[in-house]
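In: return atomic coordinates for the entry below.
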Amino acid sequence: MRAQNGRAVTAVMKKQTITDEWEDARLDRFIRAVYDGLSFSAAQQMIRKKQILLNGHPANGKTRLSAGDIVEIPDKPDEKRRVPAKRPTSGFLYLDEESSESLRERFGSIGAGIQILYEDDDLMVINKPPGLPVQPGNEKEKGSLLDLLGEYYQKTDRIVPDEGGIFYPTPVHRLDMGTSGALIIAKTRKAARRLSDEIKNSRLKKVYLAVVEGIPDPEEGRITALIKTQKRTGSRSRIDSDGRKAETFYLVKKVMPGNRSLVEIRITTGRTHQIRVHLSSIGCPVEGDQLYGSRNGAKRLMLHAWKISFLHPDRENTVDVTAPAPDLFER
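Out: Coordinates of the predicted model:
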């Protein structure tokens, strides 16, 4: 309910029934899909203001959906939509001096600049720093990549023209908050659809680097243990005979001081925390990964998305991108 010309006005609400395709999706992503062109920060704000009801009750920002859920949303969002304008030309994503103080505090030094490794009219690939969550609504309420993209593109009028209306650039896959490295961001709907298809059909090739505790034996191998993930109370995975197929290839590149090793990793499936769980299962957890058995005091999760290769959305060429490994991976 809101005031208008001194009178109380009740917002017109409409109901949406969640279908199977949205099973286990985050509520903010669904809201953004309903309001074509709405930013993730605006969707989160609507949830925080209790403008969204899930099964008759105010929704939580971390809520994941189930088929059959009833979502009630205002007929129109409050956010004003921007007109598509110039393409980005900077080699870095950053928070400018006019960004809100609270947002700058949430981002800290990360907001000073994130390297763009590759960019054209359809997509960009960034070198995500460790500690940056991809989505908002995380436990510590840190600034997310989606917050940064929304802030950067809206304040600089750098929304890319798109035939379906405004499209805010958005990641087409995820990296854990502690993982650094190459991350693809679609800048148009067409690119998002085609890149998502590449991922769905396992055509996106990714190579990771990890510093692990111990030395895998043998030093080259394949891990195929099934993985089961619990997402309702926070994402955590485990080896389970009732889990889903997962395949991880590894190769020890270098033995490091302190009974550690640098390992190159390829995955053909994309289960939650797959690399972390599989390496832990052979007694070599990723350094700094207390969730899956690391015992040392590393300041960060020592996992890095090193190389990525995929068919460009125009279907004419392959894009190969390398995110330089942090210095810590060589010590």
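
In: which helix or strand lies directly C-terminal to the lowest-mean-pLDDT helix or strand in the chain?
Out: In the chain, no helix or strand scores lower on mean pLDDT, DSSP states H and E than strand 7-9, which sits at a mean of 39. Following strand 7-9 in sequence order, the next helix or strand is strand 13-17 (DSSP states H and E).

In: any weak-confidence spans in this protein?
Out: Low-confidence segments of the chain (pLDDT under 70): 1-11, 36-41, 61-62, 76-90, 94, 96-100, 137-142, 152-166, 232-234.

In: what's the domain layout of it?
Out: Taking automatic domain parsing as the reference, the chain has its domains at 2-74, 92-201, 206-306.

In: pull up the gap between the closest residue to residue 170 other than its chain neighbours and residue 75, please.
Out: Counting by Cβ to Cβ, 6 or more residues apart in numbering, residue 186 is the residue found nearest to residue 170 once chain neighbours are left out, at 6.1 Å. To be clear about C-beta, it is placed using only N, CA and C from the backbone, and glycine gets the same treatment. Distance, residue 186 to residue 75, using Cβ to Cβ, to the nearest Å: 28 Å.

In: between these two, which one's more packed in?
Out: Per other Cβ atoms under 10 Å, whichever of residue 186 and residue 75 has more neighbours is residue 186, with 23 against 8.

In: how about that one, what does it touch?
Out: 122, 123, 169, 170, 171, 172, 192, 195, 313 (Cβ atoms under 8 Å, 6 or more residues apart in numbering).

In: now, which of the residues you listed sits nearest residue 288?
Out: Among these, residue 171 lies closest to residue 288 (Cβ to Cβ), at 22.9 Å.

In: from residue 326, how far off is that closest one?
Out: 20 Å.

In: same thing with residue 29?
Out: Residue 29 is 30 Å from residue 326, where distance means Cβ to Cβ.

In: now name the helix or strand holding residue 277.
Out: Going by DSSP H and E, residue 277 is in helix 274-281.

In: convert the C-alpha atoms of that helix to PDB, please.
Out: Extracted in PDB, the C-alpha atoms of helix 274-281 (Å, rounded to 0.1, in the frame of the first residue of the first chain):
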ATOM      1  CA  GLN A 274      32.600 -30.400  -7.600                       C
ATOM      2  CA  ILE A 275      36.400 -29.800  -7.700                       C
ATOM      3  CA  ARG A 276      36.600 -29.100  -4.000                       C
ATOM      4  CA  VAL A 277      34.600 -32.200  -3.100                       C
ATOM      5  CA  HIS A 278      36.500 -34.500  -5.500                       C
ATOM      6  CA  LEU A 279      39.900 -33.400  -4.500                       C
ATOM      7  CA  SER A 280      39.000 -33.700  -0.800                       C
ATOM      8  CA  SER A 281      37.800 -37.200  -1.500                       C
END
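
In: surely residue 222 and residue 246 touch.
Out: No - counting by Cβ atoms under 8 Å, residue 246 is not a contact partner of residue 222; they are 10.9 Å apart.

In: who has more neighbours out of these two?
Out: Ranked by neighbour count (other Cβ under 10 Å), residue 222 and residue 246 place residue 246 first, with 23 against 11.

In: the strands in the stretch 1-150 of the chain, which residues?
Out: Along the stretch 1-150 of the chain, counting by DSSP state E, counting those that start in this stretch, strands occupy 2-4, 7-9, 13-17, 53-54, 57-58, 70-74, 92-93, 114-119, 123-128.
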